[in-house]
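Participant: give me a 3D structure for the following:
(chains A, B, C and D)
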2 protein chains.
Amino acid sequence: MPAKDTGTEELIRSTAKKLFFKEGKLHATTQDIADAAGMNRSAVHYYFRTRDQLIALVFAESMQALSLRLGKVMSAELPFREKIQGLIEVFTNEMMEYPFQEVFLVTEINTAGHDLVTKIDEGPVSSFLNEIEKEMHLGTIEKTDPKHFLINLFSLLSYPIMMSPIYRQFFGMNEHQFDELIAERRELITRTMFK
Amino acid sequence: MPAKDTGTEELIRSTAKKLFFKEGKLHATTQDIADAAGMNRSAVHYYFRTRDQLIALVFAESMQALSLRLGKVMSAELPFREKIQGLIEVFTNEMMEYPFQEVFLVTEINTAGHDLVTKIDEGPVSSFLNEIEKEMHLGTIEKTDPKHFLINLFSLLSYPIMMSPIYRQFFGMNEHQFDELIAERRELITRTMFK
DNA sequence: TTTTTGTTCAACAAAATTGTTTAAATAAAT
DNA sequence: ATTTATTTAAACAATTTTGTTGAACAAAAA
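Facilitator: Numbering: from 1, shown residues only, chains lettered A, B, ... in the order given. The predicted structure follows:
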């Protein structure tokens, strides 16, 4: 009974993500999305009924993917330092592709107030916090609340990329120059986090 | 000839900032603003003509204030370490009061594409970058591109606060608990940046 | 007091956005 | 060939949001 399957639904989803996460167009209308996907606005409603439902789905998928990514990276069978390097690699790549994903998530939480509690698997996070604590006892990283270690790591990773439009102006750099600066950071962040 | 002067215009401005910067309601309508300010929507249009003009003004003022704040802190007559501590203090306070101000700025740049070039005085920034470089030669901070030092500093400062809705969930903390975690960071950031 | 100026509000009009409906066209599966 | 599912299109209504206008009002100036 099902038919065509030209992946239209998936196209709409990915186009919405492109607008929200890549271009930072947080107010994109159903018309904007249809235009960007090269189709009729009716198709958007046909597959997702309402704009809110589409956004709720994009939000949920983004949270879920984030949780999955975290889980995979945090519970990898690797020595601590390599695990951190893997995390930096994975999340830097994600941020480079979707610089405004986290901004989207936060503003959605502020306005719509989604219940994200269910979306996050706290298991890997808390066991990773334990691993961080062990590493602190070994002396390779500074001793504090392990939550600070995690926060610092993601701060150094995410913030410069999501704020790049502002900081490019501050430093008078073009996009290419700033991308090179960001590229240097993978190594720099490792150095900053250890010792 | 002028009349009343009940500071209504100022009230509208500050209410808009409260919605945008404090509560992260980035899609707030003129009605939302009027409601929050306890007045008629016409008043908003009377003073600012259009929503876009109000937003443009809030944006410009925010950038200008940021530039001013930066300039003042960066060109203070203080030893380097104390200058950094002052910067941390000032900008942490600002972030605590207006957690979503930077998010507002970035999303505005993405959608409206304001020309912020004129708004920023690059003078103090570039001379502060020189000061950082000098400090690197003295050996109190690690040697890299001084831009990285600045980026790191603001990452550690701003990101945790603007992302608090997400990370509170991640760590299963309430607002008060997370505020205490943030409070610990002023000292922690200093320690991380030096040595 | 009268006039002028500036402010507030309610009502209205215009525009933008959303969501539905209907019809027609297309394409796949049975 | 028939049925089912997909896609486009156009038209429409409903809602939201915006922006304007005119009247009422208050305060200062004349």
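
Participant: for A:Gly113, grab the count of nearby residues.
Facilitator: Neighbour count for A:Gly113, taken as other C-beta atoms under 10 Å in any protein chain shown: 9. The way it works is simple: take the backbone N, C-alpha and C, and place the C-beta from them, glycine included.

Participant: quickly find the element holding it.
Facilitator: In the assignment (DSSP states H and E), A:Gly113 maps to no helix and no strand.

Participant: any idea of the mean pLDDT for the longest helix along chain A?
Facilitator: The longest helix of chain A (DSSP state H) is helix A:51-74. What helix A:51-74 shows for mean pLDDT is 93.

Participant: how about whatever helix or strand comes next after it and chain B, any contact?
Facilitator: From helix A:51-74 onward toward the C-terminus, using DSSP H and E, the following helix or strand is helix A:80-97. No: Helix A:80-97 lies out of reach of chain B by C-beta under 8 Å from any C-beta of the partner chain, never closer than 11.7 Å.

Participant: stretch A:27-40 now?
Facilitator: Yes: on the criterion C-beta under 8 Å from any C-beta, stretch A:27-40 is in touch with chain B at A:His27.

Participant: same check, this time on stretch A:147-159
Facilitator: Yes: contact of stretch A:147-159 with chain B (C-beta under 8 Å from any C-beta) involves A:147-148, A:151-152, A:154-156, A:158-159.

Participant: quick one: which of these is nearest DNA strand C?
Facilitator: A:Ser158 (27.8 Å; C-beta to the nearest atom of the strand).

Participant: by contact count, what packs against the helix or strand hosting that closest one?
Facilitator: Assigning secondary structure by DSSP H and E places A:Ser158 in helix A:146-162. Counting contacts by 3 or more C-beta pairs under 8 Å, 6 or more residues apart in numbering or on different chains; DSSP states H and E, helix A:146-162 is packed against helix A:80-97, helix A:101-111, helix A:122-138, helix A:175-193, helix B:146-162, helix B:175-193.

Participant: gap between the third one and the chain center?
Facilitator: Relative to the centre of its chain, helix A:122-138 is centred 22 Å away, using C-alpha atoms, centre = their mean, to the nearest Å.

Participant: need the contact partners of it.
Facilitator: Residues outside helix A:122-138 that contact it (C-beta atoms under 8 Å, 6 or more residues apart in numbering or on different chains) are A:70-71, A:74-75, A:80, A:141-144, A:146-147, A:149-150, B:170-172.

Participant: buried subset of the residues you listed, written for ChimeraX?
Facilitator: To isolate the buried members of the contacts of helix A:122-138 in ChimeraX, using 16 or more other C-beta atoms under 10 Å in any protein chain shown:
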select /A:70,71,74,80,141,142,144,146,147,149,150 /B:170,171
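
Participant: I'd like to know how far the closest residue to A:Ile161 other than its chain neighbours sits from B:Glu187.
Facilitator: Distances taken as C-beta to C-beta, 6 or more residues apart in numbering or on different chains put A:Met95 closest to A:Ile161, at 4.3 Å, once the chain neighbours are dropped. Counting by C-beta to C-beta, to the nearest Å, the separation of A:Met95 from B:Glu187 is 28 Å.

Participant: and the pLDDT at the residue nearest to A:Ile161?
Facilitator: 98.

Participant: now do A:Thr8
Facilitator: A:Thr8 carries a pLDDT value of 82.

Participant: next one: it from DNA strand D, what distance?
Facilitator: Using C-beta to the nearest atom of the strand, to the nearest Å, A:Thr8 is found at 3 Å from DNA strand D.

Participant: skipping its backbone neighbours, what lies nearest that residue in space?
Facilitator: The spatial neighbour of A:Thr8 that comes closest, neighbours along the chain excluded (C-beta to C-beta, 6+ apart), is A:Ala43 at 6.3 Å.

Participant: any idea which helix or strand carries that neighbour?
Facilitator: In the assignment (DSSP H and E), A:Ala43 maps to helix A:41-48.

Participant: give me the domain ranges for chain A.
Facilitator: A:1-49, A:58-193 (automatic domain parsing).

Participant: the last one: end-to-end distance?
Facilitator: This points to domain A:58-193. End-to-end distance of domain A:58-193 (C-alpha to C-alpha, to the nearest Å): 32 Å.

Participant: quick one on the thing from earlier: does the helix holding A:Ala43 come close to DNA strand C?
Facilitator: Yes: against DNA strand C, helix A:41-48 shows contacts by C-beta under 7 Å from any atom of the strand at A:41-42, A:45.

Participant: state the three-state secondary structure for A:Leu26.
Facilitator: With DSSP: H, G, I helix; E, B strand; the rest coil as the basis, the three-state label of A:Leu26 is coil.

Participant: against A:Leu105, how distant is it?
Facilitator: 11 Å.

Participant: for A:Asp121, same thing?
Facilitator: 16 Å.

Participant: and the residues of helix A:41-48 next to DNA strand C as CSV, adding neighbour count?
Facilitator: Formatted as CSV, the residues of helix A:41-48 next to DNA strand C follow (neighbours: other C-beta atoms under 10 Å in any protein chain shown):
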residue, neighbour count
A:Arg41, 15
A:Ser42, 10
A:His45, 15
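
Participant: and those near chain B, which?
Facilitator: Cross-checking the residues of helix A:41-48 next to DNA strand C against chain B (C-beta under 8 Å from any C-beta) gives no overlapping residues.
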